[in-house]
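[1] Return atomic coordinates for the entry below.
(4 chains)
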Protein chains: 2
Amino acid sequence: MSISADTLRGHTDTIILTQLMRGDNYGYEINKTIQQRTGGQYGFKEATLYTAFKRLEAAGLITAYWGEDGPGARRRYYSITDAGRETWRKNCQDWQNTRALLDALINIEEE
Amino acid sequence: MSISADTLRGHTDTIILTQLMRGDNYGYEINKTIQQRTGGQYGFKEATLYTAFKRLEAAGLITAYWGEDGPGARRRYYSITDAGRETWRKNCQDWQNTRALLDALINIEEE
DNA sequence: AGATATACCTTGACACACGAAGTATATTGA
DNA sequence: TCAATATACTTCGTGTGTCAAGGTATATCT
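    This next block holds a predicted model:
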């Protein structure tokens, strides 16, 4: 992971919600997808990931259920709620705003 | 300040270094400039600002000196060091990278 | 039988942001 | 003249998110 995680701090929840916008999924798979999508540049540490799930669940943005007993280790699936979708939309707008702001603040040219 | 500060967490140092790339300056003025540049959308809380100066100074990225005794309250000026300029360049690249990464991770389309 | 991959969980420590409160000086205006 | 406001810096304590470290458990591969 070549990216310093602190620069993504605060966006963890949005990243997870984005994955759940594509459909129910479980932690390990979500993290794998993120790693694939970033060409191995970024992935959550497990503690960060599961802490985030707890936080999102407590906030009512996702719900959780155990997957059917199939082969392999048990999986805990997560589903985004309406409130979660709402938050996701808001966070995406915030990101657009943050992006523009930082672009402006990291530019040394005179305005 | 309409922006949720947590989404900018981790970029405080880079923002300050950017201001100092334009020349020596003191805390209050730096913050004013940032507020102007963002149309009042963002500015550091004083505790955050002065904590950051201490951190940057301890890391050898900036140096500090008291301004000449002019009228008004005393000012503590900061100057960016070579190490600071180096860090600034690196942080700017990190930001480009982070930007691209987040844009990808917050997109619900299939790749 | 042992290694590896999958999959989840908890604890404790640390860093950053910030609310709150304080210090001090110069200017503005009633 | 004296209170309010703006300028300017400082410190303390608290909260939150990240993560290193450690743990549990199942299935597959050699």
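[2] C-alpha from now on. contacts and neighbour counts both.
    Fine.
[3] What parts of chain A come near DNA strand D?
    Within chain A, the positions near DNA strand D by Cα under 7 Å from any atom of the strand are A:4-6, A:8-12, A:44-48, A:51-52, A:55, A:70-74.
[4] hmm, which of the residues you listed are the buried ones?
    Buried residues within those, defined by neighbour count using 16 or more other Cα atoms under 10 Å in any protein chain shown: A:L8, A:G10, A:H11, A:T12, A:F44, A:A52.
[5] ok, the closest residue to the second one other than its chain neighbours - contacts?
    Put plainly, it is A:G10. Leaving aside its sequence neighbours, A:G10 sits nearest to B:T7 (Cα to Cα, 6 or more residues apart in numbering or on different chains; 5.1 Å). Taking Cα atoms under 8 Å, 6 or more residues apart in numbering or on different chains as the criterion, B:T7 is in contact with A:L8, A:R9, A:G10, A:H11, A:W95, A:T98.
[6] secondary structure class for the nearest residue to the fourth one once chain neighbours are set aside?
    Counting by Cα to Cα, 6+ apart, the nearest residue to A:H11 once its immediate chain neighbours are dropped is B:T7, at 6.7 Å. Using DSSP: H, G, I helix; E, B strand; the rest coil as the criterion, the local structure at B:T7 reads helix.
[7] confidence score at B:T7?
    Looking at B:T7, its pLDDT reads 83.
[8] Could you give the backbone dihedrals for A:Q41?
    phi -70, psi -30 (degrees, to the nearest 10).
[9] any idea how far DNA strand D is from it?
    12 Å (Cα to the nearest atom of the strand, to the nearest Å).
[10] got a pLDDT number for that residue?
    Per-residue pLDDT puts A:Q41 at 90.
[11] Burial check on it, number of neighbours?
    A:Q41 sits with 15 neighbouring residues when counted by other Cα atoms under 10 Å in any protein chain shown.
[12] Kindly confirm whether my reading is correct that it touches A:Q35.
    Yes - with contacts counted by Cα atoms under 8 Å, A:Q41 reaches A:Q35, the gap being 6.7 Å.
[13] Pick out the residue of chain A closest to DNA strand D.
    As assessed by Cα to the nearest atom of the strand, DNA strand D sits closest to A:G72 within chain A, at 3.2 Å.
[14] for that residue, helix, strand, or coil?
    Assigned with three-state DSSP, A:G72 falls in the coil class.
[15] Kindly indicate which of the buried ones among the residues of chain A next to DNA strand D lies nearest chain B.
    Minimum distance to chain B across those is 5.1 Å, recorded for A:G10 (Cα to the nearest Cα).
[16] mind checking the SS state of that closest one?
    coil.
[17] Kindly provide the distance from it to A:Q41.
    Using Cα to Cα, to the nearest Å, we find A:G10 at a distance of 18 Å from A:Q41.
[18] now the angle from the helix ranked longest in chain A to helix B:82-105?
    Assignment by DSSP state H gives helix A:82-105 as the longest helix of chain A. Inter-element angle recorded for helix A:82-105 and helix B:82-105: 140 degrees (by axes from the mean of the first three to the mean of the last three Cα atoms, to 10 degrees).
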